[in-house]
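> with the sequence up front, the predicted model follows.
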Amino acid sequence: MRARPAARRRARPAPAAPGEPRGRPRSRSRPRPRPRRAPATAMVGREKELKIRFAPGRCELVEEDVDIPSRRVLITGATGLLGRAVFKEFNENNWNAVGCGYRRAQPRFEQINLLDSIAVHDIIHDFQPHVIVHCAAERRPDVVESQPDAASQLNVAASGNLAKEAAGVGAFLIYISTDYVFDGTSPPYKETDVPNPLNLYGKTKLEGEKAVLENNEGAAVLRIPVLYGEVERLEESAVTVMFDKVQFSNKSANMDHWQQRFPTNVKDVATVCRQLAEKRMLDPSVKGTFHWSGNEQMTKYEMACAIADAFNLPSSHLRPITDCPVVGALRPRNAQLDCSKLEMLGIGQRTPFRAGIKESLWPFLVDKRWRQTVFH
Ligand SMILES: NC(=O)c1ccc[n+]([C@@H]2O[C@H](COP(=O)([O-])OP(=O)(O)OC[C@H]3O[C@@H](n4cnc5c(N)ncnc54)[C@H](OP(=O)(O)O)[C@@H]3O)[C@@H](O)[C@H]2O)c1
């Protein structure tokens, strides 16, 4: 059995600056000496790894040689809903994957504040990735409306800087964007259609796309719609958050039946990212904007009914609300993405919604919640 396989694949963490507590995110305003990292070549080939070996009556820790894959990928937002799936997908498919997070980074991932341009420069130059998948963002529309400057710093400025650093080492950058760049009035949308975001979140993501492509003309933008998948908490996804309202059928629950959505499994997006990266390593013309999406059109009310159906639960307490929502940031009515460009490249994977949601939600069934401590 391996002891913490992810740890072996990490770039060596930068030592804390003098006087700085270990593990605290660094601020750009605080000058610090440049940390010396191991050169990237130390992270390919063979490396020692600690493994636990079990024998009757005892277990021992042994050091063994392991192969490190030669293809390197850096994933930002690796602690988030999508980033976790992207990290896993590359890690399990013969890539040397390093994940970065921020508040939730330790102990599994590198702790990098993407607003700290020195830290970003250091990790990219030390690890020398072939591919960077940029998942980190502020993606909650209502939070973006209430904290526009902070959201713009992360979604726009940090994305532009990451793209510039990626270009500096010749890495292929995949910037994850959203269907919310469209106004939802004339679906389905092709990559060439003119965006017109209705809310600030969509605007910052669109500006992020432009900042990325201006700083790195070989980069890719991957637009995706609402996500679901294995969550740490139900609130992590706009889809899984409905589960308690579905389960507690003694209380009626209003569900939006106005906005048309295409719930997409994070595992499918992760596979698309890996396929896109592998295609690009063979063909440098693979770049620019792409769309990926599930193909089952559903309102939130319909998703809630499908969740009930998947778990054989009643749905008669769910009430469809057909009016346009009046609270919160404006949302597009139907921002369906046309995915034919990726399909033509032979790229794509779609998990049926009922199967995917059941796999994601079963640990959150009321009688199974004790299992969360085991699996999450
Ligand atoms: N979720 C959706 O339904 C959806 C739909 C369409 C598009 N997208 C796009 O998909 C991407 C991934 O979304 P998600 O749902 O996975 O997001 P998420 O779960 O909210 O994760 C956000 C990630 O960003 C990291 N982060 C936040 N501030 C940071 C900073 N200053 N420096 C470094 N990292 C920072 C977080 O790290 P810590 O948690 O460790 O602080 C976390 O890993 C985003 O680009 C989003 O716009 C998402």
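Now that the structure is in, tell me what you want to look at.
> any figure for the gap between residue 229 and residue 295?
Distance, residue 229 to residue 295, by C-beta to C-beta, to the nearest Å: 17 Å. No exception for glycine: its C-beta is placed from N, CA and C like everyone else's.
> of the two, which one has the most company?
A count of neighbours by other C-beta atoms under 10 Å puts residue 229 above the other of residue 229 and residue 295, at 25 against 13.
> identify the residues contacting that one.
Residue 229 is in contact with 81, 82, 85, 237, 265, 266, 267, 356, 360, counting by C-beta atoms under 8 Å, 6 or more residues apart in numbering.
> let's see the pLDDT reported for the second one.
So the one you mean is residue 82. The predicted local distance difference test score for residue 82 is 98.
> low pLDDT regions in this protein?
Applying pLDDT under 70 to the chain picks out residues 1-47, 66, 368-376.
> looking at it, which residue is nearest the ligand?
Proximity to the ligand, evaluated over the chain using C-beta to the nearest ligand atom, is greatest for residue 80 at 2.2 Å.
> quick one: that residue and residue 133 touch, right?
No - shown here, residue 80 and residue 133 do not form a contact pair, counting by C-beta atoms under 8 Å, at 11.5 Å.
> more neighbours: which of those two?
Of the pair residue 80 and residue 133, residue 133 is the one with more neighbours under other C-beta under 10 Å, namely 33 against 24.
> rewinding a little: grab the nearest non-local neighbour of the residue of the chain closest to the ligand.
If you skip the residues right next to it in sequence, residue 80 has residue 135 as its closest partner in space, 5.9 Å away by C-beta to C-beta, 6 or more residues apart in numbering.
> likewise residue 361?
Looking at residue 361 with C-beta to C-beta, 6+ apart, the closest residue is residue 243, at 5.4 Å.
> can you confirm that neighbour is in a helix?
Yes - with DSSP: H, G, I helix; E, B strand; the rest coil as the criterion, residue 243 is located in a helix.
> residue contacts, it?
234, 307, 361, 364.
> in JSON lines, list these along with neighbour count.
Conversion of the contacts of residue 243 to JSON lines gives the following (neighbours: other C-beta atoms under 10 Å):
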{"residue": "234", "neighbour count": "16"}
{"residue": "307", "neighbour count": "26"}
{"residue": "361", "neighbour count": "23"}
{"residue": "364", "neighbour count": "18"}
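> how about the nearest residue to residue 140 once chain neighbours are set aside, secondary structure?
Nearest-residue entry for residue 140: residue 201, 7.4 Å, with adjacent residues in sequence omitted and distances by C-beta to C-beta, 6+ apart. Under the three-state scheme (three-state DSSP), residue 201 adopts helix.
> so what's the residue nearest to residue 80 up against?
When contacts are counted by C-beta under 8 Å, 6+ apart, residue 135 is found next to 75, 76, 77, 78, 80, 82, 83, 86, 176.
> next up, the contacts around the first one.
In other words, residue 75. The contact partners of residue 75, by C-beta under 8 Å, 6+ apart, come to 83, 86, 87, 90, 97, 98, 99, 100, 132, 133, 135.
> in this structure the fifth one contacts residue 85, no?
No - counting by C-beta under 8 Å, residue 97 sits too far from residue 85 to count as a contact (11.9 Å).
> hey, what's in contact with both of the two?
Overlap between the contact sets of residue 97 and residue 85, as judged by C-beta under 8 Å, 6+ apart, is nil.
> give me the subset of the contacts of residue 75 touching the ligand.
83, 135 (C-beta under 6 Å from any ligand atom).
> who wins on neighbours among the contacts of residue 75?
When neighbours are counted as other C-beta under 10 Å, the busiest of the contacts of residue 75 turns out to be residue 133, with 33 neighbours.
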